[in-house]
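Asks: below: sequence and its predicted model.
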Amino acid sequence: MLRKVRAVVLRSGVAPQDADDLLHEAFVRLETYTRKQEIRSQEAFLVTAAMNLSRDRARHRARVPVDDEEFDILSLADAAPQPEEQLLSQERLRRVGTGLRRLDPLTRRCLLAKRLDGLTAVQIAEREGLGVAAVEKRVARALLFLTQWMGET
């Protein structure tokens, strides 16, 4: 009986993911209704209930611009970091700043130009008067140093 009713609902244009929800609601209505009255055909009742529920949902969606079923409650949550996270982030920034100050000025400029300014090694080499390979080595060494520096905490 369930397969027949589901097939009828699907043929009426209901999306497969919605069909199971409609059938469940129709079964709940059937159970509630049979407690009070006798039903001649449960299958006919289920089809009728499911089709009515489908039409009700379609009318509701047409009237309400926002689909409350797809409303994401997490979108209301404050996405700002918690105070503990902010404190840890500030501490990491302070530690990175200390590590950057420990680099020699040329290496620090090369690293910051690459990471913050988004310059290529060629652009940095032209700006600093170095070879491209020298810039790449300086950036790699700086990153290795900072990674180890940050890992010492």
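Replies: Nice, I can see it. Numbering: from 1, shown residues only.
Asks: only C-alpha atoms from now on, for both contacts and neighbour counts.
Replies: OK.
Asks: and the helix or strand harbouring Arg57, which residues are buried?
Replies: Take DSSP states H and E as the rule and Arg57 turns out to sit in helix 42-63. Neighbour-count burial for helix 42-63, counted by 16 or more other Cα atoms under 10 Å, picks out 45-47, 49-51, 53-54.
Asks: that helix: what's the following helix or strand?
Replies: The helix or strand immediately downstream of helix 42-63 is helix 83-102, counting by DSSP H and E.
Asks: and the nearest residue to Ala49 once chain neighbours are set aside, how many neighbours?
Replies: Of all residues not flanking Ala49 in the chain, Ala26 sits nearest, at 5.3 Å (Cα to Cα, 6 or more residues apart in numbering). Neighbour count for Ala26, taken as other Cα atoms under 10 Å: 21.
Asks: for Leu2, same thing?
Replies: Neighbour count for Leu2, taken as other Cα under 10 Å: 13.
Asks: low-confidence ranges, this structure, go.
Replies: When the per-residue scores of the chain are filtered using pLDDT under 70, the ranges that remain are 65-77, 153.
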